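> Please work out how this folds:
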Amino acid sequence: MRVIRATAPGGPEVLSPAEVDEPMPGPGEALVAVEAAGVNFIDTYRRSGVYPATFPHVVGTEGAGTVLAVGEGTQDVAPGDRVGWLAVPGSYAERVAAPVSELVPLPDDVPTATAAAVLLQGITAEYLVDATFPVRPGQHVLVHAGAGGVGLLLTQLARSRGAHVVSTVSTDEKEALSRAAGAEAVRYDRLSDLTAELPRIVRDLTDGGVHTVFDGVGRATFDASLACLRPRGGLALFGGSSGQVPPVDPQRLNAAGSVYLTRPTLAHYTADRAELLERAATVLDAVSAGTLHVRIGATHALEDAARAHADLEARRTTGKVLLVP
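From the prediction side, this is the model:
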């Protein structure tokens, strides 16, 4: 079967197609035909060496498809079932042998590609607004990269909870998408000094600053994010698409108004199968109900994984990027 491997730590150029033997499902596993694999920033972190990984390795952790076979004694899924997942290594492939504990059953009215596009980013957005810093009616929140995959979902979920959302975007298209999702979009590409100018704009729009900043950009936005908070507000730094944030002196949180800073990760908010299924059901039910809209911004063939990574890292994407074997 075909897979995409990262041969060594580096840029998108280290990704290359390879032919490997099809895996056999062991006890507690299912062999799944991958219909779509999600492309996420965490894949680029592992590919580049920012996050520890062995090389060579088959890239990707998210996808959706149809169960082909199950290992001995495996329960809960059967051949023919449609399933999705967000933490199965080696998902840039035609087939994966996945632990059943990581598989999420898909509702009949959610297309397989949509599930591959929404599970990781949707559950990320859900835990951020429901558990990390619960969003309440009347609050003001700031969402960086408002037209990205997580940004569009975060905006919709925060708006559905009664919040006023300000987003940052960089193009006309991204501004239109973010506004359509319900945000008041700010063009950071038109600011000469993001750290100095964005907090002034945000404070004018929110009568003194936001209650929460959801920041998946990292190094480029961190200082501005802190300055946009009102006293006792919270900054959820959930990614680093512009690079990782250098070490922070805790006294900066005091000076910013006794604010809170957390660096959450998805694994800690899907710590067991019950929590994974509960959060996945919340997201998929919203998709089924039509209250959460999923934008698939680009679909590439499996062999074009390097291009997909390059586009994601250069911020040329909107919504979700998928690979289709």
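
> I'd like to check which residues are in contact with the nearest residue to Gln75 once chain neighbours are set aside.
Excluding its sequence neighbours, the residue lying closest to Gln75 (C-beta to C-beta, 6 or more residues apart in numbering) is Val100, at 7.3 Å. Glycine gets a C-beta too; all of them are placed from N, C-alpha and C. Residues in contact with Val100 (C-beta atoms under 8 Å, 6 or more residues apart in numbering) are 28-30, 70, 74-77.

> repeat that with 7 Å
Taking C-beta atoms under 7 Å, 6 or more residues apart in numbering as the contact definition, Val100 lies against 28-30, 74, 76-77.

> Leu198 now?
Contact partners of Leu198, counting by C-beta under 7 Å, 6+ apart, are 186, 188, 191, 224, 228.

> And Pro107, what's its pLDDT?
Taken from the predicted model, the pLDDT recorded for Pro107 is 97.

> Check Tyr51 too.
In this prediction, Tyr51 carries a pLDDT score of 90.

> cool, and Thr74?
Each residue has a pLDDT score; the one for Thr74 is 89.

> roughly how far apart are it and Pro27?
Applying C-beta to C-beta, to the nearest Å, one obtains 7 Å for the distance of Thr74 from Pro27.

> And Asp249, by the same measure?
When distances are taken as C-beta to C-beta, Asp249 and Pro27 turn out to be 50 Å apart.

> for Val58, same thing?
Remark: distance between Val58 and Pro27 (C-beta to C-beta) = 22 Å.

> what about these two, which has more around it?
Each of Val58 and Pro27 had its neighbours counted (other C-beta atoms under 10 Å), and the higher figure belongs to Val58 (16 against 10).

> ok now the longest strand along the chain, how far from the chain's centre?
Once the chain is assigned using DSSP state E, the strand that runs over the most residues is strand 29-39. Centroid displacement of strand 29-39 relative to its chain, using C-alpha atoms, centre = their mean, to the nearest Å, is 18 Å.

> which residues of the stretch 1-150 of the chain fall in helices?
41-48, 112-127, 149-160 (DSSP state H, counting those that start in this stretch).

> Between helix 149-160 and the second one, find me the angle.
Helix 112-127 runs at 60 degrees relative to helix 149-160, counting by axes from the mean of the first three to the mean of the last three C-alpha atoms, to 10 degrees.

> From the contact counts, what lies against helix 112-127?
Here helix 112-127 is seen to pack against strand 29-39, strand 62-70, strand 82-85, helix 149-160, helix 266-269, helix 273-289, strand 320-324 when contacts are counted using 3 or more C-beta pairs under 7 Å, 6 or more residues apart in numbering; DSSP states H and E.

> hmm, try it at 6 Å
Secondary-structure packing of helix 112-127 (3 or more C-beta pairs under 6 Å, 6 or more residues apart in numbering; DSSP states H and E): strand 29-39, strand 62-70, strand 82-85, helix 149-160, helix 273-289, strand 320-324.

> I'd like the distance between the residue most central in space within the chain and Gly151.
Compute the mean C-alpha point of the chain, and by C-alpha atoms, centre = their mean the closest residue is Gln121, 3.3 Å away. Distance of Gln121 to Gly151, computed by C-beta to C-beta: 9 Å.

> Domains in this protein, by residue range?
Residue ranges for the structural domains of the chain, counted by automatic domain parsing, are given in the record as 2-119+294-324, 137-263.

> Thank you, goodbye.
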